[in-house]
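> Okay, here's the prediction I keep looking at, along with the sequence it came from:
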Amino acid sequence: LVELRAGTPSLTESNTVMVAQQAALLLNDGSIVSIDNQDGRLDFYGIAEGEGLHVAIRHRNHLDVLSSSPIVFNAGQILSYDFTTNQSQAFGLEQLKEMDNGKFALYAGDYSRDGVIQITDLDLWSAAPSILYEYQFTDGNLDGVIQVTDKDIWFYNRSKLGAVEIRY
């Protein structure tokens, strides 16, 4: 889910408001594409020329992330924002995880979807630690099988706080 948010983000309270939202697909390479546009672009309408908006990404059982900088919208311009290049691309402290290839990604393991990876997420996984071929929040690696590798994902990402700005 991709959101555009107006306002100035805060580390202690929510100061931004959602002005647009669109469902999208997250591909294996980290790119996000439209579900209904053949060229893959997300098209947002009704955004004022020159308006700067922050981008929020929400994905299933991951900590949601907000861009550290606003994107300024100009007519006819194709815009992009790359969270994978640096930890500082996300608003807040430690909101992205560095991967083995040097790119940054969302933290997985927020099985309760509350913006915090904590023991309650493990509790959800522990309630049904072995399920085959089901689309569940506790499938941390998204392989269609809930097993100990999904607990491992929670374990290595535990005690992570998502940005207050976009926490539900």
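Looks like it arrived, so ask away. Numbers count the residues shown, from 1 in each chain.

> Residue ranges in the chain under the pLDDT threshold?
Filtered on pLDDT under 70, the chain yields the residue ranges 37, 76.

> 50 instead, please
For the chain, no stretch has pLDDT under 50.

> For it, which segments count as strands?
For the chain, the strands defined by DSSP state E occupy 2-6, 17-22, 24-26, 32-34, 52-57, 65-66, 71-72, 97-98, 104-105, 116-117, 131-132, 145-146, 160-161.

> So what touches the first one?
Residues outside strand 2-6 that contact it (CB atoms under 8 Å, 6 or more residues apart in numbering): 16-24, 32, 42, 44, 47, 51, 53-58, 66, 166. Glycine gets a C-beta too; all of them are placed from N, C-alpha and C.

> Name the residues of it that come out as buried.
Val2, Glu3, Leu4, Arg5, Ala6 (16 or more other CB atoms under 10 Å).

> Deepest-packed of the strands of the chain, please.
strand 65-66 (a mean of 24; mean count of other CB atoms under 10 Å).

> Packing partners of that strand?
strand 52-57 (3 or more CB pairs under 8 Å, 6 or more residues apart in numbering; DSSP states H and E).

> and the strand it packs on with strand 17-22, angle?
60 degrees (axes from the mean of the first three to the mean of the last three CA atoms, to 10 degrees).

> Strand 52-57 pairs with which strands, parallel or anti?
strand 2-6 (antiparallel), strand 65-66 (antiparallel), strand 71-72 (antiparallel) (DSSP bridges).

> Looking at the strands of the chain, which is nearest to Phe91?
Relative to Phe91, the nearest member of the strands of the chain by CB to CB is strand 65-66, separated by 4.3 Å.

> picking that back up, okay if I get the strands paired with strand 52-57 as TSV plus distance to Ile153?
Formatted as TSV, those follow (distance: least, CB to CB, whole Å):
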stretch	distance to Ile153
strand 2-6	23
strand 65-66	17
strand 71-72	30
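
> Looking at the ones you listed, which is nearest to Asp123?
Here strand 65-66 is closest among the strands paired with strand 52-57 (CB to CB), at 24.1 Å.

> ok now that closest one, how far from the chain's centre?
How far strand 65-66 lies from its chain's middle: 6 Å, per CA atoms, centre = their mean, to the nearest Å.

> can you list the residues that contact that strand?
For strand 65-66, the surrounding residues in contact (CB under 8 Å, 6+ apart) are 5, 9, 16, 54-57, 83, 90-92, 95-96, 106, 162-163, 165-166.

> how much space between Asp29 and Ser112?
Shown here: Asp29 relative to Ser112, a distance of 28 Å by CB to CB, to the nearest Å.

> on that earlier part again, Gln118: which of the buried residues of strand 2-6 is nearest?
Once CB to CB is applied, the member of the buried residues of strand 2-6 that ends up nearest Gln118 is Glu3, at 23.6 Å.
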